[in-house]
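Engineer: Pasting a predicted model and its sequence here:
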Amino acid sequence: MNKEEYIKIVTERLTGNTKKIMLNQINNYYDAIEYKLDMHKYSIGNDVKLKKGTLLHGTYKNIDGLKEIVKNGLISSWFVGERDIKGDSGYMAKYPSSVGVWNLQENYFLKDYIDFYSGGSAFYYNLNNDQQEREIVPFSKMNNFINNFISKDFVAWRVEQTKEARFLPNLVQTKVQVGIIFNGDNKYIKQLLKCDILNENNISDSDVKEFVNPNYYEKFIVDRKNKDIFFTNRESAILFGIPSNFIEGILVGRIYEKDKSILKEIKGLLPNAYICNLDGKVIVE
């Protein structure tokens, strides 16, 4: 689809201020397409370092999903039809107007970030709820989980995968084999992030209503003001999309890491991007 077709969808779907917001974001997207990333300086075997503000996105469609994103950009489900009700994972899309990305809140070595999100979101509590605690337990510390729980003197606990582990290549599942690393160190991404609907300071509760699944809206406007390890401050939902020219690297899972034909195909799609593995190291420069 082209810009005029996207504008037509917005004109038919929205009115008033929400229409203005989305049309402005589409203009920002097309301004950003002109940007060219500097060539990376990695060599094979180097540890990948990710700056604060780097954005990551995973696709259950793996190589086919990557092909779509490279060709058309990462575009929200409102504009790609078949994902309007359900996301490509099969789950109900909470923000069909927006694209979900993980937004790094600090500088990371990629290997440390993968260890962090391959762990679990832990909730410790007493049955009368007079005391509770939440924390992320990295993958490398999961073996010590029970001893850690005992030392905290709670009576119950609940642990689930981190949200990142459901959608990015990681150390505990193989369904997702492709993670896309978007460079966030530029004025264009920062402009697009001004329409991150998970940040209550960007778009008002009344305006954001049109951009959220109506079955989720009432909970959404409460949760986005009270983030915790389950509704995290580690993610962004950016209206409309992100152009593919901001892709600086591809993270692959263990299956794709061993598949030379897949790696060659990825490099053909993104000749200027590095490919890295779950050890956080560059495997194709």
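Structural biologist: Yep, it's here. All values derive from a computational prediction rather than experimental measurement.

Engineer: Could you export the helix or strand containing Val10 as PDB, keeping only the C-alpha atoms?
Structural biologist: Using DSSP states H and E, Val10 falls within helix 3-13. This file holds the C-alpha atoms of helix 3-13, laid out as PDB (Å, rounded to 0.1, in the frame of the first residue of the first chain):
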ATOM      1  CA  LYS A   3       0.700   6.700   1.600                       C
ATOM      2  CA  GLU A   4      -2.600   7.800  -0.100                       C
ATOM      3  CA  GLU A   5      -4.200   4.400   0.600                       C
ATOM      4  CA  TYR A   6      -3.200   4.700   4.300                       C
ATOM      5  CA  ILE A   7      -4.600   8.200   4.500                       C
ATOM      6  CA  LYS A   8      -7.900   6.900   2.900                       C
ATOM      7  CA  ILE A   9      -8.200   4.200   5.700                       C
ATOM      8  CA  VAL A  10      -7.600   6.900   8.400                       C
ATOM      9  CA  THR A  11     -10.200   9.200   6.800                       C
ATOM     10  CA  GLU A  12     -12.800   6.500   6.700                       C
ATOM     11  CA  ARG A  13     -12.000   5.200  10.200                       C
END
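
Engineer: so where do the strands sit in the stretch 51-200 of the chain?
Structural biologist: With DSSP state E, counting those that start in this stretch as the criterion, the stretch 51-200 of the chain has strands at 55-58, 74-75, 98-103, 108-109, 120-125, 132-137, 156-161, 178-182.

Engineer: helices or strands up against the fourth one?
Structural biologist: So that's strand 108-109. For strand 108-109, the elements it packs on are strand 49-50, judged by 3 or more Cβ pairs under 8 Å, 6 or more residues apart in numbering; DSSP states H and E. Placement of C-beta: from N, CA and C, glycine included.

Engineer: Which elements pack onto the strand it packs on?
Structural biologist: When contacts are defined as 3+ Cβ pairs under 8 Å, 6+ apart, strand 49-50 sits against strand 108-109, helix 110-117.

Engineer: on that earlier part again, which residues make contact with the next helix or strand after the helix holding Val10 from outside it?
Structural biologist: Using DSSP H and E, the helix or strand that follows helix 3-13 in sequence is helix 16-32. Contacts with helix 16-32, where a contact means Cβ atoms under 8 Å, 6 or more residues apart in numbering, come from 3, 6-7, 10-11, 14, 73, 97, 188-189, 191-192, 195, 203, 207, 210-211, 239-243, 245-246.

Engineer: Now helix 16-32: buried residues?
Structural biologist: By neighbour count on 16 or more other Cβ atoms under 10 Å, the buried set for helix 16-32 is Thr18, Lys19, Ile21, Met22, Leu23, Gln25, Ile26, Asn28, Tyr29, Ala32.

Engineer: need the contact list for Gln177.
Structural biologist: Taking Cβ under 8 Å, 6+ apart, we find Gln177 in contact with Asn62, Ile63, Pro169, Val252, Gly253, Ile255, Tyr256.

Engineer: now with 10 Å?
Structural biologist: Taking Cβ atoms under 10 Å, 6 or more residues apart in numbering, we find Gln177 in contact with 58-63, 65-66, 169, 251-257, 259, 262.

Engineer: Also Ser206?
Structural biologist: Counting by Cβ under 10 Å, 6+ apart, Ser206 makes contact with Asn17, Thr18, Ile221.

Engineer: want to throw these into CSV with pLDDT and distance to Met39?
Structural biologist: Conversion of the contacts of Ser206 to CSV gives the following (pLDDT from 0 to 100; distance: Cβ to Cβ, whole Å):
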residue, pLDDT, distance to Met39
Asn17, 95, 41
Thr18, 96, 39
Ile221, 92, 43
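
Engineer: tally of neighbours for the closest residue in space to Tyr217 that isn't next to it in sequence?
Structural biologist: Leaving aside its sequence neighbours, Tyr217 sits nearest to Lys209 (Cβ to Cβ, 6 or more residues apart in numbering; 5.6 Å). When neighbours are defined as other Cβ atoms under 10 Å, Lys209 has 15 of them.

Engineer: Lys209 belongs to a strand?
Structural biologist: No: assessed with DSSP: H, G, I helix; E, B strand; the rest coil, Lys209 is helix; it does not lie in a strand.

Engineer: Could you verify my assumption that it touches Tyr95?
Structural biologist: No: Lys209 lies out of contact with Tyr95 (Cβ atoms under 10 Å); the separation is 11.9 Å.

Engineer: which residues do these two both contact?
Structural biologist: Phe220.

Engineer: what's the worst-scoring helix or strand of the chain on mean pLDDT packed up against?
Structural biologist: Least confident element among the helices and strands of the chain, by mean pLDDT, DSSP states H and E: helix 145-152 (a mean of 82). Where contact means 3 or more Cβ pairs under 10 Å, 6 or more residues apart in numbering; DSSP states H and E, helix 145-152 is packed against strand 120-125, strand 132-137, strand 156-161.
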